[in-house]
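Colleague: Structure, please.
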Amino acid sequence: MKFFCIADEDTVRGFRLAGIDGKVAPTCEEASEALERELKEPDCAIVILTSPVADLIREKVEAIRLERDYPLIVEIPGPGGQTAESRSLRKFVQEAVGIRLGQSEGP
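Modeller: Here you go, the predicted model:
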């Protein structure tokens, strides 16, 4: 099972220190090419994208999430942190599964 990170230079460097390979992708074309390349890898189980990179290729990311079982695409905050409109992991799970986990985060 392989992990792969597509992000900005600092994030990719951090993941490399943890043993996870990655690709710096500052443009839509580079992000799209890196994602396509990883989709062809049979052992790639999880692709980690920062929110800014995912926003560059949002349609492709959403299509993969809907059409494929793997790789799992995980979106993490970029270097600027989480934005006010970002949803937490708990909120994503609540929406996907339809049950509440722990305390409520509001409406």
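Colleague: Residues contacting the longest helix anywhere in the chain, please?
Modeller: For the chain, the longest helix by residue count, based on DSSP state H, is helix 28-39. Residues outside helix 28-39 that contact it (Cβ atoms under 8 Å, 6 or more residues apart in numbering) are 4, 6, 23-25, 44, 47, 49, 53, 56-57, 60-61, 64, 68, 71. Bear in mind the C-beta positions are built from the backbone N, C-alpha and C, glycine included.
Colleague: Please repeat the previous calculation with a cut-off of 10 Å.
Modeller: Contacts to helix 28-39, defined as Cβ atoms under 10 Å, 6 or more residues apart in numbering, come from residues 2-7, 21-25, 27, 44, 46-47, 49-50, 52-58, 60-61, 64, 68, 70-71, 73.
Colleague: of those residues, buried ones?
Modeller: For the contacts of helix 28-39, a neighbour count by 16 or more other Cβ atoms under 10 Å gives the buried set as 3-7, 22-25, 44, 46-47, 49-50, 52-54, 56-57, 60-61, 64, 71, 73.
Colleague: Among those, name the ones in helices.
Modeller: Per DSSP H, these map to helices at 52-54, 56, 60-61, 64.
Colleague: coming back round to it: pLDDT averaged over the longest helix of the chain - what is it?
Modeller: The pLDDT scores in helix 28-39 average 94.
Colleague: Centre of the chain to it, how far?
Modeller: 13 Å (Cα atoms, centre = their mean, to the nearest Å).
Colleague: Just the buried residues of that helix, please?
Modeller: Across helix 28-39, burial judged by 16+ other Cβ under 10 Å covers 30-32, 34-35, 38.
Colleague: just to revisit the earlier point, nearest to residue 14, of the ones in helices among the buried ones among the contacts of helix 28-39?
Modeller: Nearest to residue 14, judged by Cβ to Cβ, of these is residue 53 at 14.2 Å.
Colleague: is it true that residue 22 touches residue 13?
Modeller: Yes: between residue 22 and residue 13 there is a contact at 8.3 Å, judged by Cβ atoms under 10 Å.
Colleague: which residues do these two both contact?
Modeller: 5, 7.
Colleague: hey, where'd the strands end up in this protein?
Modeller: Here the chain has its strands, by DSSP state E, at 2-7, 21-24, 44-50, 72-76.
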